[in-house]
Every structure is written in C-alpha cells, then in structure tokens.
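Colleague: Sequence first, predicted coordinates after that:
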Amino acid sequence: MILHKNQKIVAQDKTRFRVLNCGRRWGKTTLAIEEMKGKAIYTTSRICYIAPTIQQARDIAWEMLKKELSPIATKIREQPAHEMDVPNIQGKTSTILLRGWEAIETLRGQQFDFLIIDEVASMRNFWVGWKEVLRPTLTDTRGEAMFISTPKGFNHFYTLFRNQDEDKDYKSFHFTSYDNPFMPKDEIDKAKIELDDNQFAQEYLADFRKVEGLVYHLPDEDIIAPIDNTFKTEKRLMGVDWGFRNPAAIWVGYIKDKIVYTVDEWKQAGKTTEEIIQVIKNKMLEHGMIYHVYPDPAEPDRIEECKRAGVPTYEANKDITGGVSYIQNLIKQHRFKVCNNCKNTLEELNTYQYVESIDGKPDKEKPDKLDDHIMDAMRYAIYSSAETEGVKYQASPLMKNYYDEIGL
C-alpha cells in the first residue's frame, strides 16, 4: 500500500506515543496496517491492534492484514483469537494480535512492543484500560503506542489529544478528510450539504465539538484556576460514588452567596470500601475538617462501614431529576465553578448527556449511565447538602480521635 504525504508525516515521526485525530476516510486503517507490517518485518515485535469490539477489529483490520502479510506469515490463527506470526529480517518471529476493548482485561500482565488503539473516542472507561492494563504492557519493552480516532465531543480522546502539552512522550496530529489526496473532494462537499454543521465539523474536519443533548452547559468563564487549601470556604463537603469498577469522589466548597467550587476529585478503579474510606480520611489532611460526606445511597452495607469508621456520613438524595435541575440552575446563575485541576470532572461535564429517545431527540428525564461516576458523586454532595443547611455535625469518638491525630 502507498501512503499519501500526510500519512508519511505520522509514519516518519519517532515520538513514543502518537495521537492521531482525523476525519472520516483520511486513511487511518491504511496507516495502521503499514505501521504494523513495518514493525513486524523490520524488528522483533509483539504488536496488538485494539478496536472497540473484536468484531470491529475483524471488520477494520484483519482482512487487510491477511492480504498484506499472508504470503510471508508462518502461522495465522483465527480461532479463538485473531493472531498472526511473521518472520522478520533478523530471522526471528514477530506476532500481531487483534483484540476488542470489551475484553481488554485479557491483556493484563502481557508485554508488547507496539500498540495501535483505534476509535479511541468510542471506548468506555478508557483511562482505566489504558493506565491500569495497557500502559504497563509497554514498560519492560519501552514500547510505543498509536492512538487513532475521530472526535466524539470533549471526552477522554480530547484530553489524550492535549497530553502533548504536558508530556514530551506524546505528540498529536490533526488531519481533516480533505487531507487525503485520494478522497474525492466532491464526496466530502456532498456530506457537508447533507449533515448539520456540528456533525460535519466533527466527522470530516475532526473538530472537537460539544455533543448534542448535554446535561450541563458550563460556560468557559466558570472554569477557573485551582484553589489551594488555604482558600477560605464556609464549608467543604464531599460526595462518593462507590461504582461497580470505578469508584469516584469529589470535594466541593461553598463561599458567600452560596457559590459552589469543585476543589478536588478522586477516581481510581478497583478500590475496596476500606481503601475508599482511607482516601476520605487522607483528604481531611489536605482540606481540613469535612463536615458532611454523602455516599451513593444504593449500597447501605458500605455506608454502614463508613459510619463504623467514624466518617461523618449523611444520606444522599436519590432524586436524579431534582439534583440535575438544581445544578443546572447553579450553572445558569454562575454560582457553580469548576477548578481546572479537576480534569475528570471537566471531562464528564463535557460528555454527560441525555439518553436519545425514539424520535432521535434527547430524553431530558434520563441522563445516560456512561462514565458518570464523578457526576453522580457531585450531585450527591451538592444537592443533598442543600437539604442539610444549618445541620452541625458532631464528631463521633472515632472521628474525634482521628481529628486529634491529624491536628484538626
């Protein structure tokens, strides 16, 4: 296969982690196949191509890989997994594997030299899969990765695309569908007529746009610099979402006129209740006394464990519609501020949307239950605290001892 000039720009770059944001039909798959083929033939490599599902991996890459490499492949396995052994110029064997994101846990503990992660914007719980499963597979080999996608709002792919601003191991590339010289321009122009402006900008110009049907619309001016722990607030409280796999917590502070600030956040997969409670206690060292903690009310056993540990636990309001409406009003009144150190909060705010109804329009009674752990924790804290205004917490003996230990 022949790469066009813009594909060559990416292929020739030596940055360890390349993030490719491009429009439809730019040639993402062609580039991915050539990258895998080159590394398999010219180095001794274990390579893994990952799509959102194994079916997509088959549909996108497998047939092209077989067409390119079957003349020299020594072994091709299609069941139970899709894998291929290829001899390299050093007389050794490279292996290419195809996997689906839905079974990403099967890669835990393995080693790879090169990963291609395709359609990143569509992957659920991306940061957990990348940081806890895939990134460690590259440690021993000092391996590389290429992340490929078309945008899908300001979600985790947008954050990943901006990693180059903070980490020299990352470099990002942006190309539109027009940047493929083999793509007929009149076909793209026809799509421009048929799609609305936001759809066309996202799908063909690879422009990050807010998705339709967002629950919260936070103005840019309400995203502020971090507040340090000496900043005086009337009170600080927290919300906790236990999560099935991804527990999360958020800390908010109130100042005069009841302006709410998100001041800190925590989100980490696979933590036990005991470990989450310890996070709460450790954060007291940073934030001073937290008078109210509002955990997810769906798990009473874990709430009781919190209480036994002396955590100042209060019942969270379960009314999703009321809680969402309350926060929406705070935003409209510019009484809700998000500190830009709360990256998970900002990411979820920019992707938290209503479920699409039968007629294709957002159902404004049902926020989508997708990567919403911070949003739930935030609602527990802010909406529930509005109902406990004026309630003074009396520290339990267990907690009083803890406060004494940390000097509060």
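Modeller: Sure, I can see it. Bear in mind that the values here come from a model prediction, so they are computed numbers and not experimental data.
Colleague: So, low pLDDT: which residues of the stretch 101-250 of the chain?
Modeller: The stretch 101-250 of the chain contains residues with pLDDT under 70 at 228-231, 244.
Colleague: Look up how far residue 382 lies from the residue in the chain sticking out farthest from the centre.
Modeller: Of all residues in the chain, residue 91 has its C-alpha farthest from the mean position, at 40.3 Å, by C-alpha atoms, centre = their mean. Distance, residue 91 to residue 382, using C-beta to C-beta, to the nearest Å: 63 Å. To be clear about C-beta, it is placed using only N, CA and C from the backbone, and glycine gets the same treatment.
Colleague: So residue 195 sits against residue 203, correct?
Modeller: Yes: with contact defined as C-beta atoms under 8 Å, residue 195 reaches residue 203; the gap is 7.1 Å.
Colleague: which one of these two has more residues nearby?
Modeller: Between residue 195 and residue 203, residue 203 has the larger neighbour count (other C-beta atoms under 10 Å), namely 19 against 14.
Colleague: Please identify the helix or strand for residue 145.
Modeller: Assessed by DSSP states H and E, residue 145 sits inside strand 144-149.
Colleague: what's that strand packed up against?
Modeller: Applying 3 or more C-beta pairs under 8 Å, 6 or more residues apart in numbering; DSSP states H and E, one finds that strand 144-149 contacts strand 17-22, helix 28-42, strand 114-118, helix 156-161.
Colleague: Output it as CSV - backbone C-alpha positions only.
Modeller: Provided in CSV are the C-alpha atoms of strand 144-149 (Å, rounded to 0.1, in the frame of the first residue of the first chain):
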residue,chain,number,x,y,z
GLU,A,144,5.3,2.6,21.7
ALA,A,145,1.6,3.3,21.0
MET,A,146,-0.5,5.0,18.4
PHE,A,147,-3.9,6.3,19.3
ILE,A,148,-6.3,6.8,16.4
SER,A,149,-9.8,8.3,16.4
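Colleague: Okay, angle between it and helix 28-42 too, please.
Modeller: Here strand 144-149 runs at 170 degrees with respect to helix 28-42, directions being taken by axes from the mean of the first three to the mean of the last three C-alpha atoms, to 10 degrees.
Colleague: List the neighbouring strands of strand 144-149 plus their orientation.
Modeller: strand 17-22 (parallel), strand 114-118 (parallel) (DSSP bridges).
Colleague: The ones you listed into a markdown table, with extra columns for mean neighbour count?
Modeller: Below are the strands paired with strand 144-149 laid out as a markdown table (neighbours: other C-beta atoms under 10 Å):
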| stretch | mean neighbour count |
| --- | --- |
| strand 17-22 | 24 |
| strand 114-118 | 25 |
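Colleague: between these, which gets nearest to residue 33?
Modeller: Closest approach to residue 33 among those is made by strand 114-118 (9.3 Å; C-beta to C-beta).
Colleague: Beyond that closest one, next helix or strand please.
Modeller: helix 126-128.
Colleague: Give me the contact list for that following helix.
Modeller: With contacts defined as C-beta atoms under 8 Å, 6 or more residues apart in numbering, helix 126-128 is touched by 120, 156, 157, 160, 245, 246, 269.
Colleague: Which ChimeraX command selects the buried ones in the residues you listed?
Modeller: Listed next is the ChimeraX selection for buried residues among the contacts of helix 126-128, using 16 or more other C-beta atoms under 10 Å:
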select :120,156,157,160,246,269
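Colleague: Now do the same for residue 370: its pLDDT.
Modeller: What the model reports as pLDDT for residue 370 is 79.
Colleague: was I right about it contacting residue 124?
Modeller: Yes: contact criterion C-beta under 8 Å: residue 370 and residue 124 qualify, at 6.6 Å.
Colleague: Would you point out which residue is most central in this structure?
Modeller: residue 156 (3.7 Å).
Colleague: Spell out, range by range, the helices that occur in the stretch 251-400 of the chain.
Modeller: Assigned by DSSP state H, counting those that start in this stretch, the helices in the stretch 251-400 of the chain fall at 273-287, 300-308, 320-332, 343-349, 373-387, 397-406.
Colleague: Could I get the contacting residues of residue 161?
Modeller: Taking C-beta under 8 Å, 6+ apart as the criterion, residue 161 is in contact with 19, 21, 172, 174, 208.
Colleague: on that earlier part again, would you turn the helices and strands packed on strand 144-149 into JSON lines with distance to residue 102?
Modeller: Converted to JSON lines, the helices and strands packed on strand 144-149 look like this (distance: least, C-beta to C-beta, whole Å):
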{"stretch": "strand 17-22", "distance to residue 102": "22"}
{"stretch": "helix 28-42", "distance to residue 102": "19"}
{"stretch": "strand 114-118", "distance to residue 102": "13"}
{"stretch": "helix 156-161", "distance to residue 102": "16"}
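Colleague: What separation do you get for residue 210 and residue 267?
Modeller: Relative to residue 267, residue 210 is positioned 22 Å away (C-beta to C-beta).
Colleague: Looking at the two, which is more packed in?
Modeller: More crowded of residue 210 and residue 267, by other C-beta under 10 Å: residue 267, with 23 against 14.
Colleague: Quick check: that one touching residue 247?
Modeller: Yes: using C-beta under 8 Å, residue 267 is in contact with residue 247, at 7.4 Å.
Colleague: Common neighbours of these two, please.
Modeller: Counting by C-beta under 8 Å, 6+ apart, the residues touching both residue 267 and residue 247 are residue 373.
Colleague: so how far is residue 97 from residue 172?
Modeller: From residue 172 to residue 97 the distance is 26 Å (C-beta to C-beta).
Colleague: my bad, residue 293
Modeller: Separation of residue 293 from residue 97 (C-beta to C-beta): 44 Å.
Colleague: do the same with residue 219
Modeller: The spacing between residue 219 and residue 97, counted by C-beta to C-beta, is 45 Å.
Colleague: From the neighbour counts alone, determine which of the two ranks first.
Modeller: Counted by other C-beta under 10 Å, residue 219 and residue 97 do not tie: residue 97 has more neighbours, with 19 against 10.
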